[in-house]
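Colleague: What shape does this take:
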Amino acid sequence: MLKALVVDDEAPARARLKKLLAATGDDRVEVVGEASDGAEALDYLAANEVDILFLDIQMPELNGFEVLERIDPTKRPVVVFTTAYDTYALRAFEESVTDYLLKPISRERLEESVRRAERLRSTPEARSDADRRLSQLLDRLDHDHAPAERVEKSEPVRQISVPFRDRIILIPVRHLISAEIHDGITRLYVTEETPEGGRQRIRHHVVNYTLDELEAKLDNAFMRVHRSAIVQLDQIKELIPWFSGRYKLVLTGEHEVIASRDRSRILKERLMI
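Modeller: Okay, the predicted model is just below:
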């Protein structure tokens, strides 16, 4: 029996999919958990064994692709994306032959996905090929959403202005760990001053800058490691091999960012690894 996790930010969509899965047969799929956002899904996957993951694409904070990049590759289940209208994603799925379900999900199409998951679970060669296709999908998304090759640099800034409650605060760039965009929102992750000997705290601030604008204003101490992330190189504490040539970067304060495959290669050169 397949253990399934259903991830969707809409409760009615989760309920409908669970009902359809129950109709596939009592001995085929057991829904062992559900999650309403990407962070909750990652927490569940870190603590539980799952065979098949039904993963919505359009979610706040972390979308389905960002969740996929963050799943421990040694524990990644068979992934079936679900989507309502993302035409671009559908083209990417079809070209990489990655499994997806178009909402509203039909029982017949769901049955096909379950049969595929059962086959992948029992055939290591087929599973390896599926993992390769998922990597191709992420590469395609990285390539098509990558920033321009050359970002025209302005004079590097030493501090960044950030709206905070009823005022504007100035954050020295040396305190900036990373700048990331999730669900169209740019966040700065910065270190906070703490009493001597205290644990270093990380705070995030929402800003109106795009990553392209920030990249142009930051000096060579920073690097764009993903279409949705810039990191300060001095804040990298560990590089953990991830999958298909990617690295998970562990930054100050245990903050984590996944580098794309192409940028992981450049990062290794920058760090002389």
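
Colleague: only C-alpha atoms for contact and neighbour calcs from this point on.
Modeller: OK.

Colleague: Next secondary structure after the longest helix belonging to the chain?
Modeller: When the chain is parsed with DSSP state H, its longest helix is helix 124-144. Remark: after helix 124-144, the chain's next helix or strand is strand 159-164, criterion DSSP states H and E.

Colleague: just checking, what packs against the very next helix or strand once past that following strand?
Modeller: If you walk from strand 159-164 toward the C-terminus, the next helix or strand you reach (DSSP H and E) is strand 167-172. Judged by 3 or more CA pairs under 8 Å, 6 or more residues apart in numbering; DSSP states H and E, strand 167-172 is in contact with strand 159-164.

Colleague: Lowest mean pLDDT among the helices and strands of the chain, which one is it?
Modeller: helix 87-96 (a mean of 62; mean pLDDT, DSSP states H and E).

Colleague: just the helices in this structure please.
Modeller: Going by DSSP H, the chain shows helices at 11-22, 38-47, 64-70, 87-96, 107-122, 124-144, 211-217, 261-270.

Colleague: Can you list the buried residues in the last one?
Modeller: Applying a neighbour-count criterion of 16 or more other CA atoms under 10 Å, one finds 261, 263-265, 267 buried in helix 261-270.

Colleague: Now tabulate those in TSV and tack on pLDDT and distance to Leu101.
Modeller: Below are the buried residues of helix 261-270 laid out as TSV (pLDDT from 0 to 100; distance: CA to CA, whole Å):
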residue	pLDDT	distance to Leu101
Arg261	91	27
Arg263	93	30
Ser264	95	31
Arg265	94	33
Leu267	96	35
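
Colleague: Quick check: the farthest pair among those residues?
Modeller: Arg261 and Leu267 (9.8 Å; CA to CA).

Colleague: okay, and the common contacts of these two?
Modeller: Listed as contacting both Arg261 and Leu267 by CA atoms under 8 Å, 6 or more residues apart in numbering is no residue at all.

Colleague: Pull the contacting residues for Glu111.
Modeller: Thr24.
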